[in-house]
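Novice: predicted coordinates and the sequence they were generated for:
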Amino acid sequence: MKASTDGGAREDTSGRRRARVAVIGAGAAGLAAIRACEVEGHTVVAFELANDVGGTWRYESEVEDDEGEGASAARAKVHGSMYASLRTNLPRELMGFGEFPFHESHGVDERRFCGHEEVQRYLKAYAETFGLRERVTFNAKVTSVERIVREDAEAERAWSSQWAVTSSIDGGTARREDFDAVIVANGHYSEPRVPRFEGARTWPGRQVHSHNYRTPDGFEGKTVLLVGAMASGEDISREIASVADRVLLSARTWQNPEWATSVQGVGAQGNIYRKPNVASFSPDGSVEFEDGSVEQRVDICMYCTGYRYDFPFLSRDVGVAVEDNFVAPLYEHCVAVDAPSLSFIGLPWKVVPFPMFEIQSRWIARMLSGAVPMPSREDMVTFAAQLESTLEPHGGVPRRHAHCFGDKQWEYNARIASMSDGPGLESWREQMYIATGKNKRANPETYRDAHMSDAEALAAALDEFTKVATR
């Protein structure tokens, strides 16, 4: 598609550009994007599929018709993946946005590792405090985002593209609106990712994904295999073990090597057994593992194997694609190399999310306004190429782990904050993150309620929160 030469953002009397920005999603990432864009003076229209803010933190009791690998792509989809008992695996002080501390109760849950309802209340309070709801169209499904290439060859690179966004409300008549920029913040915890194992299609047991887990009802007296031992796998295995006969928790690798070889049951009931990766499923109902061991009878297999990045609304000509959960080519996991007015908030995982969303959003909003410079195309292409060189088949990192950060998040946050000419994260956040990780590894059953050794970081956090409150 093409646009006339008079397109693009307008400048105000200060010389700053004021863009019309579409934000897709009103979860934590989308809310951070709306807030940052409004601070920079942009006009924001946000599209949210649900009837409220909160994204993945909105609990939905409904589940999909899910049989693991055989799940139909045409199934009636449920966006939420939250289970009823979920608690955060990070303390609330660490999770919160910098300008809106998460240290006081926003409801009845005062625990530092609070339940999902408390996080949802916090996000709603954030939206209300800064008037963000007024920018959101709810029950709005974005069906198409198309690139409009400007005819003006001299147009500034950031504005060489505009965007046609088509949406419908409650399945009604499709409506097209044009924007100067698009920020994609639709999350990545709603499209289940299911690995393919030999024999899975003919295995007689029940196969589900953790996306559709809500309560342990239906697991009573069963032998249950959970594939994947990240946060959700660990937590769900313990809850299911309270009613199941036997729980097998399988992982490709274990943080603690002793767990992989131990035959001792763990957990409150002593009925959780750590296993290596699955090798194959058999028609007789048994499951073989990569160490050669076989579990003769397994009733249910639950895949706690994560989710797929999915942007079904993006047209093919936007220049961004997803390959084995790697979104590319992007500059700094955020900005589309071929169309810089298209950006993505929240792709990195294994991070402290909300503060990162805030930093990314501020950077994007300030680039769009011209308050900070857009990186050169050469720098963007070089970054994308260097990242590609570290991934299979060129390097050793699986493509699906391209956006996995872990300890790399702190250097990344500092770099993005510097490019936005804004404040970085407080040092106490990294200290609290490290203390939480150590506590979790040492006390996997009780880390949320005991043994925290972050008193110094917590004191620094509360001191910072006092300063924020008086600004």
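Specialist: Now that the structure is in, tell me what you want to look at.
Novice: switch to C-alpha atoms for all contacts and neighbour counts from now on
Specialist: Fine.
Novice: would you map the strands across the stretch 101-250 of the chain?
Specialist: Listed from the start of the chain, the stretch 101-250 of the chain has strands (DSSP state E, counting those that start in this stretch) covering 136-137, 140-150, 161-169, 175-179, 181-184, 206-209, 223-227, 246-250.
Novice: could I get these as CSV with mean pLDDT and mean neighbour count?
Specialist: Formatted as CSV, the strands of the stretch 101-250 of the chain follow (pLDDT from 0 to 100; neighbours: other C-alpha atoms under 10 Å):
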stretch, mean pLDDT, mean neighbour count
strand 136-137, 98, 21
strand 140-150, 92, 21
strand 161-169, 94, 22
strand 175-179, 97, 16
strand 181-184, 98, 25
strand 206-209, 96, 21
strand 223-227, 97, 25
strand 246-250, 95, 24
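Novice: do you know which of those lies nearest A339?
Specialist: Distance to A339, taken as C-alpha to C-alpha, is lowest for strand 161-169 among the strands of the stretch 101-250 of the chain, at 6.4 Å.
Novice: for the closest one, which outside residues touch it?
Specialist: Strand 161-169 is touched from outside by 3, 7-8, 22, 138-150, 174-182, 339, 341, with contacts defined as C-alpha atoms under 8 Å, 6 or more residues apart in numbering.
Novice: so Y309 touches H188, yeah?
Specialist: Yes - using C-alpha atoms under 8 Å, Y309 makes contact with H188 at a distance of 5.2 Å.
Novice: mind checking pLDDT for the nearest residue to H394 once chain neighbours are set aside?
Specialist: Spatial nearest neighbour of H394, excluding adjacent residues (C-alpha to C-alpha, 6 or more residues apart in numbering): E388 at 7.4 Å. Looking at E388, its pLDDT is 96.
Novice: cool, and V108?
Specialist: We have a pLDDT of 86 for V108.
Novice: for D152, same thing?
Specialist: So, for D152, pLDDT stands at 62.
Novice: cool, and V468?
Specialist: For V468, the model assigns a pLDDT of 91.
Novice: now swap in the one 3 residues further on and tell me
Specialist: Confidence at R471, expressed as pLDDT, is 78.
Novice: contact partners for it?
Specialist: Neighbours of R471 in contact, by C-alpha under 8 Å, 6+ apart: none.
Novice: got it, and G115?
Specialist: G115 neighbours (C-alpha under 8 Å, 6+ apart): 85-88, 109.
Novice: switch to 7 Å and redo it
Specialist: By C-alpha atoms under 7 Å, 6 or more residues apart in numbering, G115 lies in contact with 86-88.
Novice: between its first and last residues, how far does stretch 36-49 reach?
Specialist: End-to-end distance of stretch 36-49 (C-alpha to C-alpha, to the nearest Å): 21 Å.
Novice: what about it, distance to the chain center?
Specialist: Its chain's C-alpha centre and that of stretch 36-49 lie 20 Å apart, by C-alpha atoms, centre = their mean, to the nearest Å.
Novice: give the buried residues for it.
Specialist: By 16 or more other C-alpha atoms under 10 Å, the buried positions in stretch 36-49 come out as 36-38, 40-49.
Novice: how about residues contacting it?
Specialist: So stretch 36-49 is contacted by 18-26, 34, 135-141, 361-362, 365-366, 369 (C-alpha under 7 Å, 6+ apart).
Novice: ok, stretch 302-311 next?
Specialist: Residues outside stretch 302-311 that contact it (C-alpha under 7 Å, 6+ apart): 188-194, 207-210, 225-228, 232-233, 325.
Novice: where does this structure have low pLDDT?
Specialist: Scanning the chain for pLDDT under 70 picks out the ranges 1-9, 13, 66-76, 151-160, 254-264.
Novice: just put the buried residues of stretch 36-49 in a markdown table and tack on distance to W428 and secondary structure.
Specialist: Shown next, in a markdown table, are those (distance: C-alpha to C-alpha, whole Å; DSSP: H, G, I helix; E, B strand; the rest coil):
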| residue | distance to W428 | secondary structure |
| --- | --- | --- |
| A36 | 23 | helix |
| C37 | 27 | helix |
| E38 | 28 | helix |
| E40 | 28 | coil |
| G41 | 31 | coil |
| H42 | 32 | coil |
| T43 | 34 | strand |
| V44 | 33 | strand |
| V45 | 35 | strand |
| A46 | 33 | strand |
| F47 | 34 | strand |
| E48 | 33 | coil |
| L49 | 35 | coil |
